[in-house]
Structure formats: structure tokens, C-alpha cells
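Engineer: Predicted model follows, preceded by the sequence.
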Amino acid sequence: MTIQQPRNLRLPTPGCYADADRSGLLAEDVFDGMTEHLFYTLGKLAPTASRHDLYMALSYAVRDRLMTRYLAGNEAISATPTRVVAYLSAEFLIGPQLSNNLLMLGIQREAAAALRRFGINNIEEILEVEEEPGLGNGGLGRLAACFLESLATLEIPATGYGIRYEFGIFDQLIRDGWQVEITDKWLKAGWPWEIPHADQACFVGFGGRTQPYQDDHGTYRVRWIPAEHAIGVPHDVPVLGYRVNTCDRLRLWRADATESFDFYAFNIGDYYGAVEEKVASETLSKVLYPNDGTDEGRRLRLKQQHFFVSCSLQDMIRSLDMRGLPIQEFPDHWAIQLNDTHPAIAVAELMRLLLDDKHLDWETSWDITRRSISYTNHTLLPEALEKWGLDLFGSLLPRHLELIYEINRRFLQQVRLKYPGNEQILRRVSIIDEDGGKAVRMAHLATVASHHVNGVAALHSQLVKSDLFPEFAAIWPEKFINVTNGVTPRRWVALANPQLASLLTEAVGEGWVTDLEQLRKLEPLAEDAGFLERWQATKLSVKRELTNYIHSHTGVLVDPASLFDVQVKRIHEYKRQHLNALQIVAQYLRIKNGHTDGMVPRTVIFGGKAAPGYAMAKLIIRFINGIADTVNADPDMDGLLRVVFLQDYNVKLGERVYPAADLSEQISTAGKEASGTGNMKFAMNGALTIGTLDGANVEIREEVGEENFFLFGHTTAEIGELSQAGYRPWELLPSQPELSEALRLIEQGHFSNGDPDLFRPLLHNLTSSDPFFVLADFADYLRAQGEVSQAWSDPSRWNRMALLNTARTGFFSSDRSIRQYASEIWRAEAFPVTITCDLE
């Protein structure tokens, strides 16, 4: 579709404007936009503008340039309806927006030139001002962000739906080695990237009761009479694709009260009661992942999930109503993707809206729901598969529980026909868990209602079918597919690692940015000694930047020429940061005992947050910091070993760490990690992987070549055999003297200032049950680390391996993932928008 854009005139498409003065991409245009926003939006003059003022002005000027594309796309879809992807996710870890949007528009140099006219000679001074948006926590949210960016780059219309959290999960400080959580007030200074639409607010109900009745045609109906309501106000964040006109959106819902202030309560002196409803309603969008260790915490989590899902579905239905499209065509216009089980309540809520609001019959409503929804499973851990007790669920969502009962009744009747007399299979597939306290199994609900269920790595998808949902896979084998995760090379290479990006573009052309498979052209250069020297020099330059950051933020001096051995991810026992820590203790003992043959200088870098209520994960952080304090203070370690824990790990910090890593630690217990995406970011930036055959490690090893991957550990099948045989970790100790010596040193308080009790819970966990097989894999892990040292001692070999890792990561672009989703699950197509400007 072509949209004409005359200067200062209304576009032919109704409602869409483009002011040439706010659309230009030259340095002069950006400067003029900044000056205008400083004056009119921020009320500041340039001579008195702070760096934050300049950040806000530049952000508003850049946002102006997104609006032409954003509005043109909306108008085009309204004029020519197409299938839009609705990506429902509890979190979107989108990272800083200014630098990313400058890259997308291709105006990084122009913005830098504009800033120089304000006396800012280094654009990084302004980019550093931006707060990390507190809209996500880990891999789930970062995947959602990569997917939205790829959808826009591939010109596929999409809306990401989530919650506008006022506070992020938390900011992490390290105090005396312990994690300390402080409030993440990321919105305190304003956020220029959101556009509120109060006129498109939605009402959401909770609690109350249901009431059956007959409509005018004598049809049995049910109405829900909620006891309380909240209002969801949408805030749109434009998501621009790379050098295209498609600008999708992230629509985030903020919770408001239906009545913000009770004058009567205030006038009789009940000052808290006057604002009680406002406080209660707004709590829904206060914080990401409230602690679910209490009844109130679980109640709030379920309310949050229903809140954003209901708002999102109402928004989708409203889009059809506004265009005069019949509700029966809903699946032709919306492809709903559930990113894990957090939005699984969408199944019951869509049925409620179709049955109770649109007054469709059950069969039609179920057909629409089933053709609209698909579900991505992200975990094999039972505790991560959400279940809600019937009492809690029924008290908050009584109508939805009735609908789930009916969905389950009809589904189980189908199962009985397929497996007559088999009560065991009925119990296993039932949406209602009958064992112990009765509960709604949200993963089961999503699986029953979805037209496709996908895992996120080849191994994970196989385990979903064989271990997690074998009965469902037998009933609907065609429903289960694999879509291996991917990450965007724009954010994680072009933006995060401009020095490497420049080298890649010089070597293979700039097409790799949108077609990562073009990096295969690098492979012949793996035999070019001159190019490998440039490769090494580029890596060393990036490592020097991280070295400076480490020194300024931790006080630790590290050698940029040492091997940067990195493990940055959420702290969890199955990710096995404590396995890495144990091998550091073993290396420490080797050095103390004078056994340094074959060792190379190594800097081990950790980063990641532990959930506030996860005591063992927090103890692991304390363990790592205890080791770091001891190692870094010991002169015997100089030139051989340093350990660093980087606090408050997030996207901004990741953009520093991934490019600088030499070795990527992907050491989770086989069969526990669904996919991982950090492993892909490391490999794209030329880090070699040491890892188990878990998650996407399997496919990374296949792509980069097993000779360029350091493999260790038991396989998923072998872990299963150990468990079945009765795994007894204490029996390993007599045959592993290095492990025994390391554990004794920890037990004596060597890394806890002489306190033998501090790490006792961790040691007891490892030596008595070892649920994640840390000790079982320790010896092989130490062997693989020896292979790492041997490879590092031969720079030409290491550089060749690193180059081939980068060259062979095309498969792990999120563009490939999205193309597969679009063709195999969503049936969504590209919808390019062309904007032509007549500025004469």
C-alpha cells in the first residue's frame, strides 16, 4: 500500500499525518526535533538542559519519526484487514529503546552529530541515561522482545500484549556477598516511548457470582456479576523493524480503579478508605511477579494474569467491531500466541466473551477459540507448570471455573471414547488435578484448547511429547511441533558489538544483519591468518571495555588478555552456577598446591538474579562472592585466576558482557533447560560453549561443529538411569579426591570468613540428594575445562573456532524462528507498508 506524504498536509489515508519536519532523518532534522522538544515538551532551553533533558528530547525526536510508520501501518491494516499476531506474555524484557531505535532507523551517526551541537561529544553519555524498562526478568521476557523485533523486521503485523509494571522485579545490590533487593523505580523520571490511550480502556471483573437466565429466544445463558472491577488503560510502545516501514506495537495495560476517590469516606475521617479501591486496583500493575509464597501473593498473580488477558482479548474483539467485521471471523484476523502458561486463562476468558457477551453457541465459540490460540511451553520443571487451587480460582473467577469444568467434561468424554475404561489416563490428562488439593492445571487447559503446542528446542520438544505430555501427544500427534528459539542479531551483534559488526560487514557485506545465514561466507576466512589476527584484536578491544567496567563497578582489576569465562543468567539450581563455583575451588586448590601445568590465565564472570524467596539460589550467590573475595585477595592467584560477580544483571549489562566473552558456560542439568537464548548470543559474538546436551546446546553443537564445542556431562537418558538406580552422591567422593578436597575446604569455612555453618545447607544438599546431579557431572566438567585451557593456549586454533561459531549461528536468528511460527502455526504473512514523500 502506498501512502502519499505531502509537506504539512493531511495524508490521503484518513487520520494519518506526516509532518516533514518531524520525519527527516538528517542530522539537522534530528537537531531541530530535539530543540523543539526541549522547548515545547520539556520547557527547557538548550544552555540549561541536563543530560536527562537531552536524552528525553532526543527520544521524543526519534519517537516522532516512528509515528509516521506506526500510524501508516494502522491505517493500512484498517483499510485492508489482515491476520495480526497477538503475542501474550507476562513479561517483555525489551531493554533500552533509544539506541535500538536509532539503529532501526539508521541514524546513529546523525543523532551523534546532533548531540555534538549541544556540547555532547560522546553519544554514550546520553544513551547511558536511559533506565532499563522493568517489564521483564529473564529469558522468557527477552525472547518475547526479540520476537516482536523480528516480527516488525519481517513486516508481519503484530501486537505484543502485557502489563505496564510500575516497578520491575527488583534492582539487585550485593552487600557483604548477599543479594539485596531494592525497588526498581524505572518510571520515576518518565518514559518517552509510551503512548497512553485512555479512550481505549477496558473493564475487568473479579469475584462475585454467576446467574443463569434465558435470553429472548429461550436459550440458556449465564451472566457473571463481578464483586469488583478494575480498569485497564493501554500504553502503546512502538516496535520498529530494521530499515523497514513496519512499526508494530507493544500494548501494555495499566490498572486503574473504577472510582479513585470516595468523598464520603474522606469527609467522615476514613482517609485510607477514601483511596482504598484505588490502591487495591492499581496493585495489579505495580510489580512484576509478586511473591507467590503467600495466599495474597498467589491471589495477586492470578488477578494480574486475568487482568491483562481480559483487556487484551476485549481489545482484539473491539478491533473487529470497529471495522464492522463479524465475530465469527475472529480467527481470520487474530493469531493468539500464549507465551508459557501465564496467559493460559485466555482460553476461558475468550469463551466467556464469545458465549456471554457475543451470545454465540458453545460449538461456534469453541471452534473460534481453538482456531485462534496456540501455546508455547517453556519448561519441563513441574513446579513451573502453573496450577491454581479451586478455592482461589473459584473465588476470583467463578464464571471461568464453570467454563473450565465444561471444557474438561467434553474433553474427557472424547478421551473415554478413545481409551474406554482407562481411568488412569483420564486422571493424567484432566484439566482438573484430582490428586491432593484440587487445582486447575493451566498447561493442560492451554494444551486442550490450542491448535498447536510447541517446544523451544529440538530436545525440549521431544521431551514435551515423551515425558511431559505423552498422553496429549498420543491423542493429538499433529498438534505438537518444535520451533527452536532465536535471538535478534540487530540487538545482540549490530548494536551490542559494533566493532565485530563492522568487521563482519567488511568481510561479507551488510546483508547479514537481516539474513544471518550470510555469515557462512566467513568460513573460508577461518584459514586466513591475517583475518584471524584482526578477529582477535577486535575481541581484545571489546574485552578492554568490559575490563574498565568491571574495575569501575567492582574495584577488581582483571587482565583483558585472560580467558573471559562467563556465566550470566537467572540464578537457579538447575542452571548449576554452583557447579561452576566448585570447579573454581578445584582450580584454586591446584594453584595453591603448585599444580599449574596446563593452566591459563582465567577471569570467571558471573551475573544474575535469584528470586527473592529462593533461599538456595541466594546462598549460591553468597557462595560465589565468598570464593571471589578469597581468590581475588590471594597473591598466589595473580596472573592465573580472578572471579567477578556483576550485580544487577540486565539487558544493558548484557550488551557489554556477551561481546566480551571467550567461553560461554551452558552447564544446566541435561533435560532441565528448555532452550536457553544466552547460549545463542554468546555464540553469535564468537564465544565458544562449554556445555551439556541440554536445550538448544544440542543444536548449537550440531551447527557449529562438535570440534568447536566443549561437551561434558551425563545425557538426559543417563540422568534418568541414575535416578532410577537410586542416585547416591556421597558414594562419588572416595573416587574423586579433588572434589572431596574442595568440599572439605568449603566445609571448614575457608570461603566464609571461617564460618563453617554458612554454606552447610548447600553442602548438605549436594552430598545427600544432589537433585541436579552436580557431583555426578563434576569430574567430566573438570576434564572439559582442561580442554578449554589447552585450546586457549593456541591462539590461532581458538580464533578459528570462535570465528566458526559466529559464522554458523544463522539458524539461531529470531527471524528464522518467526518465519517458522508464521508459516506453521499462525498462517501470518508479511504486510509491507510503503510511505512515499513529496516534499517539494
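Structural biologist: Alright, I've got the coordinates.
Engineer: Please enumerate the helices of the stretch 601-750 of the chain.
Structural biologist: Secondary structure of the stretch 601-750 of the chain by DSSP state H, counting those that start in this stretch: the helices cover 615-633, 651-660, 678-684, 697-704, 716-725, 737-747.
Engineer: most tightly surrounded among the ones you listed?
Structural biologist: With neighbours taken as mean count of other CB atoms under 10 Å, the helices of the stretch 601-750 of the chain reach their highest mean count in helix 678-684, at a mean of 28. C-betas here are computed from N, CA, C, even on glycine.
Engineer: what packs against that helix?
Structural biologist: Contacts defined by 3 or more CB pairs under 8 Å, 6 or more residues apart in numbering; DSSP states H and E place helix 678-684 against helix 651-660, strand 663-666, strand 688-691, helix 697-704, helix 795-807.
Engineer: Low-confidence bits of this protein, can you list those?
Structural biologist: Low-confidence regions of the chain, defined by pLDDT under 70, span residues 1-20, 260-279, 836-840.
Engineer: before we move on, back to that, make CSV from the helices of the stretch 601-750 of the chain and add distance to residue 574 to it.
Structural biologist: Below are the helices of the stretch 601-750 of the chain laid out as CSV (distance: least, CB to CB, whole Å):
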stretch, distance to residue 574
helix 615-633, 10
helix 651-660, 21
helix 678-684, 14
helix 697-704, 14
helix 716-725, 11
helix 737-747, 20
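Engineer: for those helices, which one sits closest to residue 82?
Structural biologist: Nearest to residue 82, of all these, is helix 678-684, at 30.1 Å by CB to CB.
Engineer: so how far is that closest one off the chain centroid?
Structural biologist: Chain-centre distance of helix 678-684: 14 Å, with CA atoms, centre = their mean, to the nearest Å.
Engineer: Next, count neighbours for residue 246.
Structural biologist: Neighbourhood size, residue 246 [other CB atoms under 10 Å]: 25.
Engineer: For it, which phi and psi angles does the backbone take?
Structural biologist: Per-residue torsions, residue 246: phi -70, psi 120 (degrees, to the nearest 10).
Engineer: and the gap between it and residue 150?
Structural biologist: As judged by CB to CB, to the nearest Å, residue 246 and residue 150 stand 11 Å apart.
Engineer: Point out the other helices and strands that the host helix or strand of residue 248 packs with.
Structural biologist: In the assignment (DSSP states H and E), residue 248 maps to strand 247-256. In terms of contacts (3+ CB pairs under 8 Å, 6+ apart), strand 247-256 is packed against helix 51-79, helix 139-153, strand 158-163, strand 228-240, helix 271-282, helix 295-322.
Engineer: so can I have a markdown table of those showing mean neighbour count?
Structural biologist: Shown next, in a markdown table, are those (neighbours: other CB atoms under 10 Å):
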| stretch | mean neighbour count |
| --- | --- |
| helix 51-79 | 21 |
| helix 139-153 | 26 |
| strand 158-163 | 26 |
| strand 228-240 | 22 |
| helix 271-282 | 15 |
| helix 295-322 | 20 |
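Engineer: how about the ones you listed, which one is nearest residue 133?
Structural biologist: strand 228-240 (8.6 Å).
Engineer: To residue 314, which of the helices of the stretch 601-750 of the chain lies closest?
Structural biologist: Of the helices of the stretch 601-750 of the chain, nearest to residue 314 by CB to CB is helix 651-660, at 30.6 Å.
Engineer: Which elements pack onto that closest one?
Structural biologist: Judged by 3+ CB pairs under 8 Å, 6+ apart, helix 651-660 is in contact with helix 529-554, strand 563-568, strand 602-607, helix 678-684.
Engineer: For the longest one, buried residues please.
Structural biologist: With burial defined by 16 or more other CB atoms under 10 Å, the residues of helix 529-554 counted as buried are 531, 532, 535, 536, 538, 539, 542, 543, 546, 547, 550, 554.
Engineer: nearest to residue 524, of those residues?
Structural biologist: Distances from residue 524 to those, taken as CB to CB, are shortest for residue 531 (9.4 Å).
Engineer: thinking again about what came up before, which stretch among the helices and strands packed on helix 678-684 comes nearest residue 197?
Structural biologist: Residue 197 lies closest to helix 651-660 among the helices and strands packed on helix 678-684, at 26.1 Å (CB to CB).
Engineer: contacting residues for residue 234?
Structural biologist: By CB atoms under 8 Å, 6 or more residues apart in numbering, the residues touching residue 234 are 196, 197, 200, 201, 202, 251, 252, 253, 254, 311, 315.
Engineer: Recalculate using a threshold of 10 Å.
Structural biologist: 161, 164, 194-202, 249, 251-254, 311-312, 315 (CB atoms under 10 Å, 6 or more residues apart in numbering).
Engineer: Pull out the buried residues from those residues.
Structural biologist: Neighbour-count burial (16+ other CB under 10 Å) applied to the contacts of residue 234 gives 161, 164, 194-195, 201-202, 249, 251-254, 311-312, 315.
Engineer: Just the closest of those to residue 435, please.
Structural biologist: residue 312 (32.3 Å).
Engineer: I'd guessed the closest one sits against residue 232; true?
Structural biologist: Yes - judged on CB atoms under 10 Å, residue 312 makes contact with residue 232 at a distance of 8.7 Å.
Engineer: what's the overlap in contacts for those two?
Structural biologist: 202, 251, 253.
Engineer: Include distance to residue 763 when you put these into CSV, please.
Structural biologist: Below are the shared contacts of residue 312 and residue 232 laid out as CSV (distance: CB to CB, whole Å):
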residue, distance to residue 763
202, 52
251, 48
253, 45
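Engineer: so which of those comes closest to residue 508?
Structural biologist: Set against residue 508, the nearest of the shared contacts of residue 312 and residue 232 by CB to CB is residue 251 (37.2 Å).
Engineer: residues contacting the closest one?
Structural biologist: Per CB under 10 Å, 6+ apart, neighbours of residue 251: 86, 159-162, 164, 194-195, 197, 200, 232, 234-237, 308, 311-312, 315.
Engineer: now do residue 762
Structural biologist: Contacts of residue 762 by CB under 10 Å, 6+ apart are 573, 578, 581, 616, 619, 620, 622, 623, 746, 774.
Engineer: Tell me which helix or strand it sits in.
Structural biologist: Following DSSP H and E, one finds residue 762 within helix 760-768.
Engineer: Can you give me the buried ones in that helix?
Structural biologist: Result for helix 760-768 [16+ other CB under 10 Å]: buried residues 762, 763, 765, 766, 767.
Engineer: Next, the angle from that helix to helix 615-633.
Structural biologist: Using axes from the mean of the first three to the mean of the last three CA atoms, to 10 degrees, the inter-axis angle of helix 760-768 relative to helix 615-633 is 100 degrees.
Engineer: for the contacts of residue 762, which one is nearest residue 716?
Structural biologist: Within the contacts of residue 762, the smallest distance to residue 716 is 16.1 Å, found for residue 774 (CB to CB).
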